[in-house]
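1. 3D, please:
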Amino acid sequence: MFRSNKLTIFLGLCLSLCMMIACTAETPDTEPDQPVADTPEGRTATTPSIETVTLDTSDGYTITGSFLIGTGDGPHPACLLVHQLGADKSTYTEFQQALANSGISSLAIDMRGHGESAMDDFDYRALDNNTWPNVVNDLIAGLDYLRSNNGVDPQNIGIVGASIGANLAVIATADEETAGVENTAKCLVLLSPGLMYHGIRPNPRARELGGRPTFITAAREDVESFGGAQSLMNATRSRWFAAYDGDDHGTALFTAHPELQTVVIDWLDTIFSGGTPEAVESE
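-> Sure thing, here's the model as predicted:
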C-alpha cells in the first residue's frame, strides 16, 4: 500500500510538471525578434534603390543606365533622362529621387562615350557632326527599356533632355512618331536646347512631334541656348516656356533654380494624369 501511494504521488508530480511546461511553451513572446516600423500595415518601410542596367543599341553600342522606380502602387509613369555634352547620368540623381517621391519612375542613361558608357578606346570626344546623329539610338534603347518594364505604364512615358540631350529628345520622338512606334514619348521637357549642337538640329523636326506637350526652359544670359530655345518654342507652339536669369546651362538650371524641379514635376504629373497644365510663368 505504501509503495502504491508513492507511485501515485510520483505520477501526479510528473503530470503537473508536464502541464507547466506545456503552458510555458504556449505563452507568446512579449517582444518581437525585430522592431517593426510604425506604418499603417505594421510593415517595415523600404526605400527604393537605384538599379544599374545595361542596354544594347541598334547600332552595336552598350550603354549604362540608372533606373529608379516611383513610390506607391504601379505601374508608374516614367521619364527617360538624357544628360548634356561631357556630363553623365549622375547629374540627374537628385531629380530622379524627386520624381520617385512623386510616383514617377525614371531611367537616366549615360550616352555613348560618357560616364560608364565610355570605353578605353572611345569617349564622346571621338564623336563628330557625322556620328552624333547616331546617338539618337541610345535614347531609343532607353525608351524600349521603359516600354518593356512591367512596372512602367507604357502610355505615360516622357523624355527630359539637357542641351544636346534636349535636341536629341526631339529627334528621337520625331523619328518614332514618323515610324508609327506605339507608346513613344507622351511629352518632352527640354533644358537649354539649341538651334544646333554638333549637327543635331531639332527645329526642322518639330512639326513631326504631333503637337505633344513640350516644356522648354533656358537662362537669358546663356545666349546660344536662349535664342535656340525661343525658336524651338515657336516651332513646337509650346505654351510652356520658362526663362530664368543667369547663364546656367542644362541640368545646372535645377541647381541654380531649385523651384524648377517642382515646376517640372507638377507639369509632368498633370500630363500623366490626363490634364492640361497651365501656362508657365517665367522668373
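2. Longest strand in this protein, please.
-> Identified as the longest strand of the chain according to DSSP state E is strand 152-162.
3. List the neighbouring strands of that strand plus their orientation.
-> Strand 152-162 has the following strand partners under DSSP bridges: strand 76-82 (parallel), strand 187-191 (parallel).
4. which one of those strands lies closest to residue 170?
-> strand 187-191 (6.9 Å; Cβ to Cβ). Just so you know, the C-beta spots here come from the backbone N, C-alpha and C atoms, and that holds for glycine as well.
5. quick one: average pLDDT of the closest one?
-> For strand 187-191, mean pLDDT is 98.
6. And the next helix or strand past it?
-> Next along the chain after strand 187-191, taking DSSP states H and E as the criterion, comes strand 214-219.
7. Show me what that next one is packed up against.
-> Packing partners of strand 214-219 (3 or more Cβ pairs under 8 Å, 6 or more residues apart in numbering; DSSP states H and E): strand 187-191, helix 223-236, strand 240-244, helix 252-256, helix 259-272.
8. most packed of those?
-> Stretch with highest mean neighbour count among the helices and strands packed on strand 214-219: strand 187-191 (a mean of 27; mean count of other Cβ atoms under 10 Å).
9. Next one: the residue lying closest to residue 132 once chain neighbours are set aside, what pLDDT does it get?
-> If you skip the residues right next to it in sequence, residue 132 has residue 198 as its closest partner in space, 4.3 Å away by Cβ to Cβ, 6 or more residues apart in numbering. We have a pLDDT of 95 for residue 198.
10. Repeat that for residue 122.
-> What the model reports as pLDDT for residue 122 is 91.
11. Touching, it and residue 113? I think so.
-> Yes. In this structure, residue 122 is within contact of residue 113 by Cβ atoms under 8 Å, at 5.9 Å.
12. which one of the two has more residues nearby?
-> Each of residue 122 and residue 113 has its neighbours counted (other Cβ atoms under 10 Å); residue 113 has more, 21 against 13.
13. Now do the SS call for the residue most central in space within the chain.
-> Most central in the chain under Cα atoms, centre = their mean is residue 106, positioned 1.3 Å from the mean C-alpha point. The assignment at residue 106 comes out as strand when based on DSSP: H, G, I helix; E, B strand; the rest coil.
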